[in-house]
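> Got a sequence here, can you build the structure:
(2 chains)
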2 protein chains.
Amino acid sequence: MKFSKRASNIKTSEIREILKLIENPEIISFAGGLPAPELFPKEEIIKLTAEVINNEGNEALQYGTTEGYNPLRKAILEQRLKPFGITGTIDNILITSGSQQGLDFTGKLFIDKDDVIIVEKPSYLGAINAFRVYEAQFVEVSMDKDGMIIEELEEKLKLYPNAKFIYTIPDFHNPSGITMSLERRKQLADIASKYKVPVLEDSPYGELVLEGEKLPPIKSFDTDGYVIYFGTFSKTFCPGLRLGWIFGDEKVINKYVTLKQSSDLQCSSLDQRIIAYYLNNYNLDEHIEKIKSVYRKRRNLMFDCMDEFLPKEIKYTRSKGGLFTWLELREDIDTVKLLEEALKFNVAFVPGSSFFASGGHTNYLRLNYSNMPEDKIVEGIKRLSKLLKEYYKES
Amino acid sequence: MKFSKRASNIKTSEIREILKLIENPEIISFAGGLPAPELFPKEEIIKLTAEVINNEGNEALQYGTTEGYNPLRKAILEQRLKPFGITGTIDNILITSGSQQGLDFTGKLFIDKDDVIIVEKPSYLGAINAFRVYEAQFVEVSMDKDGMIIEELEEKLKLYPNAKFIYTIPDFHNPSGITMSLERRKQLADIASKYKVPVLEDSPYGELVLEGEKLPPIKSFDTDGYVIYFGTFSKTFCPGLRLGWIFGDEKVINKYVTLKQSSDLQCSSLDQRIIAYYLNNYNLDEHIEKIKSVYRKRRNLMFDCMDEFLPKEIKYTRSKGGLFTWLELREDIDTVKLLEEALKFNVAFVPGSSFFASGGHTNYLRLNYSNMPEDKIVEGIKRLSKLLKEYYKES
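I've put the predicted structure just below:
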């Protein structure tokens, strides 16, 4: 068999391969981006499924429109966008199979072979992989504590005037944990209009504010329709139902809809209704508060443990929300090798290099604080610290 | 915004656009490929959802592996493949979001711009659209009453030795209703090996045998792993859960898995378990018998009505299974225009030309017999016949 050229660009996600390895319950895993399953609204889902099927079983199990279940689109608009300053109609929304599908469709819609796209350095590896399939050339823009550095972005835009889009994760960035400042959000919306270049705003963690105020999305400052916003229920409800959305200009959304038609026709008719009924019968905001209070405790505990046990030379992001913190180790330490050793101590993380579109940067690692209970956080950071101390002793 | 070149190849599916128009309940629609919703196992799904969540709610709502839920892969292997002569292990199976997703991934995995692929004439328009996105060149092979004509296929393979794959729907073909003969199935498996060219066997209707014996899949005659088989629960359980599968050589399946990782990570963890629990706690074969007996009555009634009311000159396929029959009208009749008129009489079908990869053939139309109750079948065929008699009177 002869495969397509693009097929050779496709890499297996390191995170997912690790997730498969660490099914051993002895391992304390800070690797995945898994929400805490004990918080999933299980009883509600049982009850709502019965309600959905009793009310509209014929439709809930039948083919539906590609755009998505209208009451779900409406609830997203009213509850998950309008409160944050994003306004529109349901025609601005396409329901997707998680925001990952939105990223894949974005590659399909925008990228021809060798097209330049601009990403943060580092960036979400699932996005890098999705865009790489379409044979993109990545141009990276550095970040500081306020997110993507706008001056450097403008330099790159001048250097690559045909760049197809700018991809950013402004809220509690994956993997770096950084939050883009209000000022930069406004600047980025302006740049989108000025250079007529789409900005893809990926915000899977935007509602998981653990410290300070929620900042308005870049999309809320968009005046010309150049910002495309990606949201998901994976972190606020549950990831297993695979539901997210794209919000954008109606003309652009129509193009995404056509792509979804030929890709998988539509999302699960049942799962869409379960979430729509939940949004209309319960209070997701209250549920998110519950999630946040659990994650806040875990995050604070992890930071406290890192402050106490990690070698003092190691820098990490005091993320103000989301699921991750990001550690910078001494330059000569290779975190892929470190992971191999860490697994012997039954503790896991994600090595940082796969988050860099151009590779390198082997001395970073990402830790998740949402998934492990408190005693395991303490024990896991102790184990990791013990291992790292060996490295720092050597120097 | 500047879109990719491939984005300009993407057409909206005529069928889905029509489906949106005909929400008017006055219209008798033979257009979609919708199963009969009154047969969906609703009570069972309510019960099973509660069971799934009570048993393994943490996993059923959490991220899972890209390959799919192992008990589902196992049940497909044991129940939906082994009885038809297809054997392997769960590593030969990837769970997909309907078989449509399998087709999209196939385009992604095999097709570079301008690559030749071979399809039947006519072929499933959802497959044509999925492959067109990847900028394929279509080469069509004619069909007779026994399916794809093998001599013509071999000629085309000699003419296009770099053809990437052959796409076929051997069982109750969409749209033509034709069943590929046993002899041709064996020949096609041989051709795959002889020319080392993958055969994509798409069998969404294979289990819906309404007359005669079920023929073995092409895959059951495959000795060298060149046949890739696509199955789905959309027609035997329900389409709303969006679950299908790809069965193939492990090395090929691994490539599909990597594509799914970057496309949408995985299918719904909950929906996969609902079907797996159904397969392990109920008898899907018995359920399919129930579906078949309803469809058989509807099909027979539609054929009886067409024999009685349609102009005698019109030829149609006496499909032995599946959901569709296919009508050939006089050459000068344009079925897109006919549809516009038919809608005035509140009856709908799908015009045939979009099923031809190279266009033309405006004098065909497809009728579905699975979705409408019997009284509407009679009335709908009467309305359509009345309209068609006007055309045939003119000549």
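> Help me confirm that A:Leu94 comes into contact with A:Val252.
No. Taking contacts as Cβ atoms under 8 Å, A:Leu94 lies outside contact range of A:Val252: 9.6 Å. Every residue, glycine included, has its C-beta placed from N, CA and C.
> more neighbours, these two?
Neighbours per residue (other Cβ atoms under 10 Å in any protein chain shown) separate A:Leu94 from A:Val252, with A:Leu94 holding more: 27 against 20.
> can you tell me which helix in chain A is longest?
Criterion DSSP state H: the longest helix present in chain A is helix A:284-309.
> For that one, list every residue counted as buried.
Residues of helix A:284-309 classed as buried: A:284, A:287-288, A:291-292, A:294-296, A:298-299, A:301-303, A:305-306, A:309 (neighbour count, 16 or more other Cβ atoms under 10 Å in any protein chain shown).
> Can you give me the buried ones in the longest strand that chain A contains?
Under DSSP state E, the strand in chain A containing the largest number of residues is strand A:137-144. By 16+ other Cβ under 10 Å, the buried positions in strand A:137-144 come out as A:137-141, A:143.
> That strand packs against which elements?
strand A:116-121, helix A:125-132, helix A:150-159 (3 or more Cβ pairs under 8 Å, 6 or more residues apart in numbering or on different chains; DSSP states H and E).
> how about TSV for these, with mean pLDDT, mean neighbour count and distance to B:Asp222 added?
Output for the helices and strands packed on strand A:137-144, formatted as TSV (pLDDT from 0 to 100; neighbours: other Cβ atoms under 10 Å in any protein chain shown; distance: least, Cβ to Cβ, whole Å):
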stretch	mean pLDDT	mean neighbour count	distance to B:Asp222
strand A:116-121	98	24	40
helix A:125-132	95	25	31
helix A:150-159	98	15	50
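> Of these, give the one that comes closest to A:Ser29.
A:Ser29 lies closest to helix A:125-132 among these, at 16.8 Å (Cβ to Cβ).
> Okay, angle between that closest one and strand A:137-144 too, please.
Per axes from the mean of the first three to the mean of the last three Cα atoms, to 10 degrees, the angle that helix A:125-132 makes with strand A:137-144 is 150 degrees.
> quick one: contacts of helix A:125-132?
For helix A:125-132, contacts defined as Cβ atoms under 8 Å, 6 or more residues apart in numbering or on different chains pick out A:9-11, A:13-15, A:100, A:103-104, A:106-107, A:111, A:117, A:119, A:138, A:167, A:175, A:202, A:354-355, A:357, B:261-263, B:265.
> ok, now stretch A:146-163?
Taking Cβ under 8 Å, 6+ apart as the rule, stretch A:146-163 contacts A:115-118, A:120, A:139, A:141-143, A:166, A:168, A:170, A:173, A:178-181, A:183-184, A:187-188, A:191, A:195, A:197, B:2.
> now stretch A:43-58
Outside stretch A:43-58, the residues touching it (Cβ under 8 Å, 6+ apart) are A:60-61, A:270, A:273-274, A:277-278, A:281-282, B:37-38, B:40, B:42, B:45-46, B:49-50, B:53-54, B:61, B:270.
> Give me the buried subset of these.
A:60-61, A:270, A:273-274, A:277-278, B:37, B:40, B:42, B:45-46, B:49-50, B:53, B:61, B:270.
> what domains does the record give for chain A?
With domains defined by automatic domain parsing, chain A comprises A:6-41+A:286-394, A:56-281.
> winner for burial among the ones you listed?
Of all those, domain A:56-281 carries the top mean neighbour count, a mean of 22, counting by mean count of other Cβ atoms under 10 Å in any protein chain shown.
> what about that one, start to end distance?
16 Å (Cα to Cα, to the nearest Å).
> Next up, the contacts around A:Tyr364.
A:Tyr364 neighbours (Cβ under 8 Å, 6+ apart): A:122, A:175, A:326-329, A:335, A:351-353, A:355.
> let's go with 7 Å and repeat that
Counting by Cβ atoms under 7 Å, 6 or more residues apart in numbering or on different chains, A:Tyr364 touches A:326-328, A:335, A:352.
> Bridged to A:Gly244, which residues?
A:Thr96, A:Thr232 (DSSP bridges).
> Report the separation between it and B:Ile150.
45 Å (Cβ to Cβ, to the nearest Å).
> CA atoms of the helix or strand hosting A:Arg366 as CSV?
A:Arg366 is part of strand A:364-368 when elements are defined by DSSP states H and E. Backbone C-alpha positions of strand A:364-368 (Å, rounded to 0.1, in the frame of the first residue of the first chain) are rendered in CSV as follows:
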residue,chain,number,x,y,z
TYR,A,364,10.9,21.3,30.3
LEU,A,365,8.1,19.2,31.8
ARG,A,366,4.4,19.6,32.4
LEU,A,367,2.5,18.6,35.5
ASN,A,368,-1.2,18.2,35.9
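> could you give me the average pLDDT of it?
If you average the pLDDT over strand A:364-368, you get 97.
> show me where pLDDT drops low in chain A?
A:11-23, A:394-395 (pLDDT under 70).
> Excluding chain neighbours, what is closest to the single nearest residue of the stretch 101-250 of chain A relative to chain B?
Residue nearest to chain B within the stretch 101-250 of chain A (Cβ to the nearest Cβ): A:Gly240, separated by 3.4 Å. Sequence neighbours aside, B:Ser269 is the residue nearest to A:Gly240 in space, at 3.4 Å (criterion: Cβ to Cβ, 6 or more residues apart in numbering or on different chains).
> wait, what's in contact with that neighbour?
With Cβ under 7 Å, 6+ apart, B:Ser269 has these contacts: A:240, B:59-62, B:64, B:69.
> Now, the residues you listed that are in helices?
B:59-60.
> From the buried ones among the contacts of stretch A:43-58, which land in helices?
A:60, A:270, A:273-274, A:277-278, B:42, B:45-46, B:49-50, B:53, B:270.
> how about those residues in TSV, adding distance to B:Gly380?
Below are these laid out as TSV (distance: Cβ to Cβ, whole Å):
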residue	distance to B:Gly380
A:Ala60	26
A:Leu270	29
A:Arg273	29
A:Ile274	34
A:Tyr277	34
A:Tyr278	39
B:Lys42	26
B:Ile45	30
B:Ile46	33
B:Thr49	35
B:Ala50	39
B:Ile53	42
B:Leu270	37
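> quick revisit: just checking: what are the partner strands of the strand holding A:Arg366?
Here, using DSSP bridges, strand A:364-368 pairs with strand A:324-328 (antiparallel), strand A:350-351 (antiparallel).
> Looks like A:Ile93 contacts A:Ile76 (just checking).
Yes. With contact defined as Cβ atoms under 7 Å, A:Ile93 counts as touching A:Ile76 (6.0 Å).
> Overlap of the contact sets of these two?
Each of A:Trp245 lies in contact with both A:Ile93 and A:Ile76 under the rule Cβ under 7 Å, 6+ apart.
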